[in-house]
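Participant: Need a 3D model of the following:
(chains A and B)
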Amino acid sequence: MKQILAAVVMAGGLAAAAGWVIAAPDPLPASALKAHTANIENGKRLYTAAGCLSCHLPAKDNKQADMSLPSGGRVLKTPAGAFYPPNITPDTETGIGGWTDIQFINAVKRGISPDGRHYLPAFPYTSYSKMSDADVLDIKAYLDTLKPVEAENRAAELPLGLPVETPMRRGLGIWKIAAGFDPVEFVRDASKDDVWNKGAYLVQGPGHCAECHTPRDWAMAMDTSRWMAGGPHPEGDGKVPSLRDLKSRGRFKDAGDLATALEFGETLGYDKMSSGGMAAVQTNMSKLPAEDRTAIATYLMSLQ
Amino acid sequence: MFFRLVSSSRTAIIGAVAVIGVTGAAFAGPIEDRQANMKNVGKAMGALAAIAKKEAPFDAAVVNTNATTLAENVKEAKAHFPDGSETGDKETWAKAEIWQNKADFDTKADKSVDAAMKMAAVTDEADFGAALGALGATCKACHEDYRRPKQ
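Facilitator: This next block holds a predicted model:
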């Protein structure tokens, strides 16, 4: 009896140890990066397309804060907890000043912090992993031009008072496996034209549209078999519309109509462009070059 | 006598019909009322947007009519968010935040009414675009904070 018990304890211990190892972060080495000359203008464009500021905003009641800078702190309430996106201005103490290129790439595309911890997937690295290294480094170059803001980061609050750090955070490594997180860059569809491919890249990568518009499965991973089919809102209030069959459902006449909707939103009476966080998304879309909106609309109108 | 009886019955019937009519309207409830208002707002906005999208010609009279309808309906809708109408038999897309920040909600609605009144006064096509932009921004500001996303 004692032997069985010992065996069970040992097996449990081994499983836990194995889990601990499997759950370890798997960052890219610096040698994986190719030489890159940063394009700040492109970085600003992708920073806008990725909606960085929309989440990394200062808290609403922070009266001193400059709302145009991503110094973080605005609460993001989800059923999985309350998250406070951190300061991504180039402040060396509280922001991301002094980060190396590979640290930034691992953060954005693999969800791993410079000190080797998993980021909570409220940060949509699951989509950003589709971006090219060049685009991500351009975003970093743009961020480095912003005014550094000293703003301390605030820890997330999980349900039932669960601790955010060890072992919960390490456990995210298990989640990454269960959710099938595979940091693979966007692959062009050769059967489609350049405009469609550009739109698909912007939507799937920086735009991270699927994070809300694709329903999630048992593992809280995006259910790709129901790609962009809509579902409950991740913040728990209301429903996210499907982006499939937009034309046959009478939502938009054509890609031009949707591009206009993305540019003007309610200003031209497109009344479903404001709720559930879409107002911030539409504001970002309005700032993109027109050809990006056309590409995004072309890809979205093709979804069936 | 007979005629008086008939006539008083008629009065009673008319009275009863009137009462039913009134309670009928009351039965509709604030959720239905404000949704009807918002439907009118949407239609009016659609007519204005059609001009901006060059699907319809600029016509100051059409602009005035629709902008006035819009202003009146937003003003009316504002009165259809009494305490206790957070939820009801009919599905509502109003967020609980409306009743938590009633003063801000009312201010935002008033801004929309003001912008619509300014639009109603537009007679020159050159002023139309800016007026529509300002009006649309007030719709967006309120929906962003106070309307749940719809399927």
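Participant: Mind listing what's buried along stretch B:97-106?
Facilitator: B:Ile98, B:Trp99, B:Phe105 (16 or more other Cβ atoms under 10 Å in any protein chain shown). Backbone N, C-alpha and C define where each C-beta goes, glycine included.
Participant: just these that are near chain A?
Facilitator: Applying Cβ under 8 Å from any Cβ of the partner chain, the subset of the buried residues of stretch B:97-106 adjacent to chain A is empty.
Participant: Can you add secondary structure and pLDDT and give these back as CSV?
Facilitator: Shown next, in CSV, are the buried residues of stretch B:97-106 (DSSP: H, G, I helix; E, B strand; the rest coil; pLDDT from 0 to 100):
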residue, secondary structure, pLDDT
B:Ile98, helix, 97
B:Trp99, helix, 97
B:Phe105, helix, 97
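Participant: TSV please, covering the residues you listed and showing distance to A:Ala219.
Facilitator: Below are the buried residues of stretch B:97-106 laid out as TSV (distance: Cβ to Cβ, whole Å):
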residue	distance to A:Ala219
B:Ile98	35
B:Trp99	37
B:Phe105	39
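Participant: Around chain A, which positions in chain B sit nearby?
Facilitator: Close to chain A, as judged by Cβ under 8 Å from any Cβ, chain B has residues B:42, B:45-46, B:48-49, B:52-53, B:93, B:95, B:132-133, B:135-137, B:139-140, B:143-144, B:147-151.
Participant: Drop anything exposed from those residues.
Facilitator: Buried among the residues of chain B next to chain A (16+ other Cβ under 10 Å): B:42, B:45, B:48-49, B:52, B:93, B:95, B:132, B:135-137, B:139-140, B:143-144, B:147-149.
Participant: Regarding A:Leu288, what is its secondary structure?
Facilitator: Under DSSP: H, G, I helix; E, B strand; the rest coil, the three-state class of A:Leu288 is coil.
Participant: The residues of chain B next to chain A in helices, which ones?
Facilitator: B:42, B:45-46, B:48-49, B:52, B:132-133, B:135-137, B:139-140, B:143-144 (DSSP state H).
Participant: got the contact list for the most centrally placed residue in chain A?
Facilitator: Among the residues of chain A, A:Pro124 comes closest to the average C-alpha position under Cα atoms, centre = their mean, at 1.9 Å. Residues in contact with A:Pro124, defined by Cβ atoms under 8 Å, 6 or more residues apart in numbering or on different chains, are A:His208, A:Glu211.
Participant: And the helices in the stretch 1-150 of chain A, which stretches?
Facilitator: Taking DSSP state H, counting those that start in this stretch, the helices of the stretch 1-150 of chain A run over residues A:2-22, A:40-49, A:52-55, A:101-110, A:125-128, A:133-143.
Participant: Specify the beta-bridge partners of B:Arg147.
Facilitator: Listed beta-bridge partners, B:Arg147: B:Ala94 (assigned using DSSP bridges).
Participant: List the residues that contact it.
Facilitator: By Cβ under 8 Å, 6+ apart, the contact list for B:Arg147 reads A:Ser274, A:Ser275, B:Trp93, B:Ala94, B:Lys95.
Participant: and of those residues, the nearest to B:Ala116?
Facilitator: Nearest to B:Ala116, judged by Cβ to Cβ, of those is A:Ser274 at 16.8 Å.
Participant: Pull the contacting residues for that closest one.
Facilitator: Shown in contact with A:Ser274 (Cβ under 8 Å, 6+ apart): A:Gly265, A:Glu266, A:Gln282, B:Cys139, B:Lys140, B:His143, B:Glu144, B:Arg147.
Participant: Could you export those as a markdown table, including distance to B:Ala120 and pLDDT?
Facilitator: Output for the contacts of A:Ser274, formatted as a markdown table (distance: Cβ to Cβ, whole Å; pLDDT from 0 to 100):
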| residue | distance to B:Ala120 | pLDDT |
| --- | --- | --- |
| A:Gly265 | 22 | 95 |
| A:Glu266 | 18 | 92 |
| A:Gln282 | 26 | 97 |
| B:Cys139 | 16 | 96 |
| B:Lys140 | 20 | 95 |
| B:His143 | 21 | 95 |
| B:Glu144 | 24 | 93 |
| B:Arg147 | 24 | 94 |
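Participant: List just the nearest of the residues you listed to A:Gly236.
Facilitator: B:Arg147 (15.2 Å).
Participant: how about A:Pro206, secondary structure?
Facilitator: Secondary structure state of A:Pro206, per three-state DSSP, is coil.
Participant: That one is in contact with A:Tyr128, isn't it?
Facilitator: Yes - with contact defined as Cβ atoms under 8 Å, A:Pro206 reaches A:Tyr128; the gap is 6.9 Å.
Participant: Identify the farthest-apart pair in the contacts of B:Arg147.
Facilitator: Top of the distance list for those (Cβ to Cβ): A:Ser274 and B:Ala94, 13.9 Å.
Participant: State the number of residues packed around the residue in the stretch 1-150 of chain A that chain B sits nearest to.
Facilitator: Ranked by Cβ to the nearest Cβ, the top residue of the stretch 1-150 of chain A for proximity to chain B is A:Lys60, at 10.4 Å. Look at A:Lys60: counted by other Cβ atoms under 10 Å in any protein chain shown, it has 11 neighbours.
Participant: and it, how far is that from B:Asp89?
Facilitator: Separation of A:Lys60 from B:Asp89 (Cβ to Cβ, to the nearest Å): 33 Å.
Participant: ok now stretch A:239-249, how far from the chain's centre?
Facilitator: From the chain centre to the centre of stretch A:239-249 is a distance of 22 Å (Cα atoms, centre = their mean, to the nearest Å).
Participant: How about stretch A:116-136?
Facilitator: The chain centroid and the centroid of stretch A:116-136 are separated by 6 Å, computed with Cα atoms, centre = their mean.
Participant: Next: stretch A:244-258.
Facilitator: Chain-centre distance of stretch A:244-258: 26 Å, with Cα atoms, centre = their mean.
Participant: Just to check, A:Ala179 is in contact with A:Thr224?
Facilitator: No - with contact defined as Cβ under 8 Å, A:Ala179 does not reach A:Thr224; the gap is 11.2 Å.
Participant: where are the low-confidence patches of chain B?
Facilitator: Scanning chain B for pLDDT under 70 picks out the ranges B:1-27.
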